[in-house]
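Q: Using only what follows, build the 3D model:
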Amino acid sequence: MTTTIDGSGIARRIRAEVAEEVAAAAGPGPVPGLATVLVGDDPASAVYVAAKRRAVREVGMRDFHRHLPAHATHDHVATVIDELAAAPEVSGILLQLPLPAHLDAAPLIDRIPVTKDVDGLTTASLGRLARGERGLRPCTPSGVIELLDTEGIALQGARVAVVGWGELVGRPLTQLLLRRGATVSVAHEHTTDLAAVTRPADIVVVATGVRGLVGPEHVRPGAVVVDVGIHRTPSGLTGDVRSAELDGIAGRITPVPGGVGPMTIAMLLVNTLRAARWGAERATVAA
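A: Below you'll find the model as predicted:
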(Lines give C-alpha, C1' and ligand atoms only; values in the text may rest on other atoms or scores of the structure.)
Protein backbone atom coordinates (compact mmCIF):
# COMPACT_ATOMS: atom_id res chain seq x y z
CA MET A 1 0.00 0.00 0.00
CA THR A 2 1.08 3.57 -0.68
CA THR A 3 1.40 5.74 2.42
CA THR A 4 0.33 9.39 2.22
CA ILE A 5 2.79 11.84 3.81
CA ASP A 6 0.79 14.20 6.02
CA GLY A 7 2.38 17.56 5.24
CA SER A 8 -0.44 19.42 6.99
CA GLY A 9 0.19 17.54 10.22
CA ILE A 10 3.95 18.08 10.06
CA ALA A 11 3.41 21.77 9.35
CA ARG A 12 1.09 22.10 12.35
CA ARG A 13 3.76 20.58 14.57
CA ILE A 14 6.39 23.04 13.28
CA ARG A 15 4.06 26.01 13.70
CA ALA A 16 3.30 24.95 17.27
CA GLU A 17 7.02 24.70 18.02
CA VAL A 18 7.62 28.17 16.56
CA ALA A 19 4.77 29.58 18.64
CA GLU A 20 6.26 28.05 21.78
CA GLU A 21 9.66 29.54 21.03
CA VAL A 22 8.20 32.96 20.29
CA ALA A 23 6.26 32.88 23.57
CA ALA A 24 9.31 31.71 25.52
CA ALA A 25 11.41 34.54 24.11
CA ALA A 26 8.80 37.21 24.86
CA GLY A 27 9.87 39.79 27.38
CA PRO A 28 13.02 41.89 27.15
CA GLY A 29 13.81 40.97 23.55
CA PRO A 30 11.97 42.11 20.42
CA VAL A 31 9.17 39.96 19.07
CA PRO A 32 9.99 38.58 15.59
CA GLY A 33 8.17 40.39 12.81
CA LEU A 34 7.57 39.58 9.15
CA ALA A 35 6.97 42.26 6.53
CA THR A 36 5.05 41.15 3.43
CA VAL A 37 5.04 43.37 0.35
CA LEU A 38 2.23 42.84 -2.16
CA VAL A 39 2.21 44.83 -5.39
CA GLY A 40 -1.05 44.89 -7.31
CA ASP A 41 -4.26 42.93 -6.94
CA ASP A 42 -3.52 39.47 -8.30
CA PRO A 43 -6.16 37.27 -6.61
CA ALA A 44 -3.89 34.26 -6.07
CA SER A 45 -1.12 36.42 -4.60
CA ALA A 46 -3.61 38.10 -2.28
CA VAL A 47 -4.75 34.70 -1.00
CA TYR A 48 -1.17 33.52 -0.45
CA VAL A 49 -0.18 36.69 1.40
CA ALA A 50 -3.29 36.55 3.58
CA ALA A 51 -2.42 32.97 4.57
CA LYS A 52 1.14 33.96 5.44
CA ARG A 53 0.01 36.94 7.49
CA ARG A 54 -2.54 34.82 9.34
CA ALA A 55 0.13 32.24 10.18
CA VAL A 56 2.46 34.96 11.44
CA ARG A 57 -0.17 36.30 13.82
CA GLU A 58 -1.16 32.82 15.00
CA VAL A 59 2.36 32.06 16.24
CA GLY A 60 2.62 35.41 18.04
CA MET A 61 4.86 37.25 15.60
CA ARG A 62 4.25 40.80 14.45
CA ASP A 63 2.64 41.32 11.06
CA PHE A 64 3.97 44.20 8.96
CA HIS A 65 2.23 44.44 5.60
CA ARG A 66 2.59 46.87 2.72
CA HIS A 67 0.14 46.74 -0.18
CA LEU A 68 1.21 48.81 -3.15
CA PRO A 69 -0.86 49.62 -6.25
CA ALA A 70 -0.35 47.68 -9.47
CA HIS A 71 1.07 50.82 -11.12
CA ALA A 72 3.77 51.26 -8.44
CA THR A 73 7.12 52.16 -9.98
CA HIS A 74 10.40 50.38 -9.42
CA ASP A 75 11.60 53.29 -7.27
CA HIS A 76 8.44 53.18 -5.16
CA VAL A 77 8.80 49.46 -4.42
CA ALA A 78 12.53 49.88 -3.81
CA THR A 79 11.88 52.67 -1.31
CA VAL A 80 9.43 50.52 0.63
CA ILE A 81 11.89 47.62 0.76
CA ASP A 82 14.68 49.95 1.91
CA GLU A 83 12.46 51.33 4.68
CA LEU A 84 11.65 47.84 5.90
CA ALA A 85 15.30 46.82 5.67
CA ALA A 86 16.22 49.69 8.00
CA ALA A 87 13.42 48.98 10.51
CA PRO A 88 14.81 47.08 13.54
CA GLU A 89 11.38 45.68 14.40
CA VAL A 90 11.22 43.87 11.05
CA SER A 91 13.01 40.51 11.24
CA GLY A 92 12.20 39.35 7.73
CA ILE A 93 10.97 40.75 4.42
CA LEU A 94 9.00 38.85 1.77
CA LEU A 95 8.30 40.35 -1.65
CA GLN A 96 5.34 38.40 -3.03
CA LEU A 97 5.84 37.08 -6.55
CA PRO A 98 4.90 37.40 -9.35
CA LEU A 99 5.15 41.18 -9.68
CA PRO A 100 3.26 43.21 -12.29
CA ALA A 101 4.80 42.84 -15.74
CA HIS A 102 6.46 46.28 -15.76
CA LEU A 103 8.59 45.46 -12.70
CA ASP A 104 11.83 43.46 -12.75
CA ALA A 105 11.76 41.19 -9.72
CA ALA A 106 15.47 40.31 -9.48
CA PRO A 107 16.91 43.76 -8.56
CA LEU A 108 14.06 44.38 -6.12
CA ILE A 109 14.60 41.04 -4.39
CA ASP A 110 18.30 41.83 -4.14
CA ARG A 111 17.51 44.99 -2.18
CA ILE A 112 16.40 42.77 0.70
CA PRO A 113 19.31 42.35 3.15
CA VAL A 114 20.58 38.79 3.26
CA THR A 115 19.90 38.83 7.01
CA LYS A 116 16.19 39.51 6.38
CA ASP A 117 15.76 37.40 3.24
CA VAL A 118 13.28 34.90 4.67
CA ASP A 119 12.43 33.64 1.17
CA GLY A 120 16.12 32.82 0.60
CA LEU A 121 15.98 34.18 -2.95
CA THR A 122 18.52 37.00 -3.06
CA THR A 123 21.73 36.49 -4.99
CA ALA A 124 23.62 36.62 -1.70
CA SER A 125 21.42 33.97 -0.06
CA LEU A 126 21.68 31.62 -3.01
CA GLY A 127 25.44 32.13 -3.04
CA ARG A 128 25.63 31.18 0.63
CA LEU A 129 23.59 28.09 -0.12
CA ALA A 130 25.92 27.09 -2.95
CA ARG A 131 28.96 27.56 -0.71
CA GLY A 132 27.41 25.86 2.30
CA GLU A 133 27.60 28.99 4.43
CA ARG A 134 25.07 29.96 7.11
CA GLY A 135 22.03 31.61 5.64
CA LEU A 136 18.29 31.55 5.17
CA ARG A 137 17.20 28.84 2.75
CA PRO A 138 14.26 28.98 0.30
CA CYS A 139 11.08 27.88 2.05
CA THR A 140 9.64 25.25 -0.28
CA PRO A 141 12.90 23.31 -0.75
CA SER A 142 13.47 23.48 3.01
CA GLY A 143 9.95 22.16 3.49
CA VAL A 144 10.68 19.19 1.22
CA ILE A 145 13.80 18.34 3.23
CA GLU A 146 11.85 18.65 6.49
CA LEU A 147 9.14 16.32 5.18
CA LEU A 148 11.70 13.68 4.24
CA ASP A 149 13.53 14.01 7.55
CA THR A 150 10.32 13.74 9.56
CA GLU A 151 9.37 10.60 7.64
CA GLY A 152 12.76 9.11 8.49
CA ILE A 153 13.77 8.88 4.84
CA ALA A 154 17.57 8.74 4.64
CA LEU A 155 19.13 11.20 2.19
CA GLN A 156 22.77 10.26 2.51
CA GLY A 157 23.51 7.88 -0.34
CA ALA A 158 19.96 8.02 -1.69
CA ARG A 159 19.32 8.36 -5.41
CA VAL A 160 17.10 11.41 -5.89
CA ALA A 161 15.55 12.63 -9.13
CA VAL A 162 14.59 16.30 -9.08
CA VAL A 163 12.21 17.03 -11.95
CA GLY A 164 12.32 20.80 -12.40
CA TRP A 165 15.13 23.34 -12.60
CA GLY A 166 13.35 26.50 -11.47
CA GLU A 167 14.92 29.16 -9.29
CA LEU A 168 12.28 28.78 -6.56
CA VAL A 169 12.44 25.01 -6.02
CA GLY A 170 14.50 22.83 -8.35
CA ARG A 171 17.86 24.58 -8.20
CA PRO A 172 18.01 25.28 -4.44
CA LEU A 173 16.57 21.86 -3.61
CA THR A 174 19.32 20.21 -5.65
CA GLN A 175 21.91 22.11 -3.62
CA LEU A 176 20.30 21.11 -0.32
CA LEU A 177 20.15 17.46 -1.33
CA LEU A 178 23.76 17.41 -2.45
CA ARG A 179 24.77 18.94 0.89
CA ARG A 180 22.98 16.06 2.61
CA GLY A 181 24.94 13.45 0.68
CA ALA A 182 22.30 12.45 -1.84
CA THR A 183 23.15 11.45 -5.41
CA VAL A 184 21.02 13.83 -7.45
CA SER A 185 19.86 13.62 -11.06
CA VAL A 186 18.07 16.63 -12.53
CA ALA A 187 15.45 16.58 -15.28
CA HIS A 188 12.60 18.83 -16.45
CA GLU A 189 9.56 18.86 -18.69
CA HIS A 190 11.75 18.93 -21.82
CA THR A 191 13.82 15.87 -20.90
CA THR A 192 13.47 13.46 -23.82
CA ASP A 193 13.33 10.24 -21.78
CA LEU A 194 12.09 11.34 -18.38
CA ALA A 195 11.50 7.81 -17.12
CA ALA A 196 15.17 6.94 -17.69
CA VAL A 197 16.04 9.60 -15.10
CA THR A 198 13.28 9.01 -12.58
CA ARG A 199 12.75 5.23 -12.50
CA PRO A 200 16.12 4.40 -10.89
CA ALA A 201 15.52 6.94 -8.12
CA ASP A 202 14.67 6.17 -4.52
CA ILE A 203 13.05 9.61 -4.21
CA VAL A 204 11.36 11.58 -6.99
CA VAL A 205 10.60 15.27 -6.42
CA VAL A 206 8.47 16.94 -9.11
CA ALA A 207 8.37 20.73 -9.40
CA THR A 208 7.75 21.65 -13.04
CA GLY A 209 4.39 23.39 -13.03
CA VAL A 210 3.18 20.88 -15.62
CA ARG A 211 -0.02 19.20 -14.45
CA GLY A 212 0.10 15.41 -14.45
CA LEU A 213 3.59 15.16 -15.92
CA VAL A 214 4.69 12.20 -13.80
CA GLY A 215 2.83 8.91 -13.59
CA PRO A 216 3.43 5.19 -12.97
CA GLU A 217 5.71 4.86 -15.96
CA HIS A 218 8.18 7.21 -14.22
CA VAL A 219 8.30 5.66 -10.73
CA ARG A 220 9.78 2.38 -9.57
CA PRO A 221 7.83 0.35 -6.98
CA GLY A 222 8.44 1.55 -3.44
CA ALA A 223 9.90 4.96 -4.35
CA VAL A 224 9.05 8.10 -2.41
CA VAL A 225 7.28 10.74 -4.53
CA VAL A 226 7.12 14.41 -3.52
CA ASP A 227 4.72 16.53 -5.58
CA VAL A 228 5.48 20.25 -5.36
CA GLY A 229 3.08 21.29 -8.13
CA ILE A 230 -0.37 22.76 -7.54
CA HIS A 231 -3.02 23.44 -10.17
CA ARG A 232 -6.62 24.60 -9.87
CA THR A 233 -9.06 22.54 -11.92
CA PRO A 234 -12.88 22.40 -12.05
CA SER A 235 -12.72 19.28 -9.89
CA GLY A 236 -10.31 20.75 -7.34
CA LEU A 237 -6.58 21.06 -6.74
CA THR A 238 -4.12 18.69 -8.36
CA GLY A 239 -0.35 18.49 -8.79
CA ASP A 240 2.41 17.65 -11.24
CA VAL A 241 1.98 13.95 -10.39
CA ARG A 242 -0.89 11.65 -11.38
CA SER A 243 -1.20 10.51 -7.79
CA ALA A 244 -4.18 8.21 -8.15
CA GLU A 245 -2.28 6.14 -10.73
CA LEU A 246 0.61 5.68 -8.28
CA ASP A 247 -1.48 4.11 -5.54
CA GLY A 248 0.08 0.75 -4.81
CA ILE A 249 3.26 1.65 -6.71
CA ALA A 250 4.87 4.48 -4.76
CA GLY A 251 5.95 3.62 -1.25
CA ARG A 252 5.10 7.08 0.06
CA ILE A 253 3.65 10.14 -1.65
CA THR A 254 2.71 13.71 -0.75
CA PRO A 255 -0.88 14.70 -1.50
CA VAL A 256 -2.10 17.86 -3.23
CA PRO A 257 -3.37 19.68 -1.30
CA GLY A 258 -1.98 18.92 2.15
CA GLY A 259 1.55 17.93 1.23
CA VAL A 260 4.31 20.39 0.42
CA GLY A 261 2.08 23.50 0.41
CA PRO A 262 1.58 23.80 4.19
CA MET A 263 5.30 23.21 4.70
CA THR A 264 6.20 26.33 2.72
CA ILE A 265 4.46 28.62 5.19
CA ALA A 266 5.77 26.63 8.15
CA MET A 267 9.34 27.07 6.95
CA LEU A 268 8.71 30.78 6.35
CA LEU A 269 7.89 31.06 10.06
CA VAL A 270 11.05 29.10 10.92
CA ASN A 271 13.12 31.45 8.77
CA THR A 272 11.56 34.53 10.38
CA LEU A 273 12.32 33.20 13.86
CA ARG A 274 15.86 32.30 12.75
CA ALA A 275 16.40 35.76 11.25
CA ALA A 276 15.25 37.38 14.50
CA ARG A 277 17.65 35.23 16.53
CA TRP A 278 20.58 35.99 14.28
CA GLY A 279 19.70 39.68 14.43
CA ALA A 280 19.79 39.53 18.22
CA GLU A 281 23.16 37.78 18.08
CA ARG A 282 24.61 40.53 15.88
CA ALA A 283 23.23 43.19 18.18
CA THR A 284 24.83 41.52 21.18
CA VAL A 285 28.21 41.31 19.46
CA ALA A 286 27.97 44.93 18.35
CA ALA A 287 27.20 46.01 21.91
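Q: For the nearest residue to Trp165 once chain neighbours are set aside, grab the count of nearby residues.
A: For Trp165, ignoring the flanking residues on the chain, the nearest one in space by Cβ to Cβ, 6 or more residues apart in numbering is His188 at 5.1 Å. Backbone N, C-alpha and C define where each C-beta goes, glycine included. Number of residues near His188 (other Cβ atoms under 10 Å) recorded here: 17.
Q: go on, Leu273?
A: Other residues lying near Leu273 total 23 when counted by other Cβ under 10 Å.
Q: before we move on, what about Leu38?
A: Each residue near Leu38 was counted by other Cβ under 10 Å, and the total is 21.
Q: Next one: Val270 relative to Pro234, how far apart?
A: From Val270 across to Pro234, the span is 35 Å (Cβ to Cβ, to the nearest Å).
Q: what helix or strand is the most centrally placed residue in the chain on?
A: Relative to the mean C-alpha position of the chain, the nearest C-alpha, by Cα atoms, centre = their mean, is the one of Thr140, at 2.0 Å. Applying DSSP states H and E as the criterion places Thr140 in helix 139-150.
Q: before we move on, what about Ser185?
A: Here Ser185 is covered by strand 183-187, with elements defined by DSSP H and E.
Q: name the helices or strands packed onto that strand?
A: On a contact count with 3 or more Cβ pairs under 8 Å, 6 or more residues apart in numbering; DSSP states H and E, strand 183-187 meets strand 159-163, helix 170-179, helix 194-198.
Q: how big is the angle separating the first one from helix 170-179?
A: Angular relation of strand 159-163 and helix 170-179 on a 0 to 180 degree scale: 170 degrees, by axes from the mean of the first three to the mean of the last three Cα atoms, to 10 degrees.
Q: Identify all contacting residues around strand 159-163.
A: Contacting residues not belonging to strand 159-163 are listed as 170, 173-174, 177, 182-189, 191, 194, 197-198, 200-208, 213-214, 240 [Cβ atoms under 8 Å, 6 or more residues apart in numbering].
Q: Separate out the buried members of these.
A: Buried by 16 or more other Cβ atoms under 10 Å: 170, 173-174, 177, 182-188, 191, 194, 197-198, 201-208, 213-214, 240, out of the contacts of strand 159-163.
Q: Skipping adjacent residues, who's closest to Leu269 in space?
A: Leaving aside its chain neighbours, Leu269 sits nearest to Val18 (4.7 Å; criterion: Cβ to Cβ, 6+ apart).
Q: how near is the one you found to Asn271?
A: From Val18 across to Asn271, the span is 10 Å (Cβ to Cβ).
Q: Where does pLDDT dip in the stretch 1-150 of the chain?
A: Under the criterion pLDDT under 70, the flagged ranges of the stretch 1-150 of the chain are 27-29.
Q: Strands along that one, start to end?
A: If you assign secondary structure with DSSP state E, counting those that start in this stretch, the strands in the stretch 1-150 of the chain sit at 3-4, 33-39, 62-68, 92-95.
Q: Can you say which of those is nearest to Gly152?
A: Nearest to Gly152, of all those, is strand 3-4, at 11.7 Å by Cβ to Cβ.
Q: sorry, back to before: the residue nearest to the centre of the chain - nearest residue in space that isn't next to it in sequence?
A: Using Cβ to Cβ, 6+ apart and skipping residues adjacent in sequence, the residue nearest Thr140 is Thr264, 4.7 Å away.
Q: what angle separates the helix or strand where the one you found lies from strand 33-39?
A: Thr264 is part of helix 260-286 when elements are defined by DSSP H and E. If you take the same axes, to 10 degrees, helix 260-286 sits at 120 degrees to strand 33-39.
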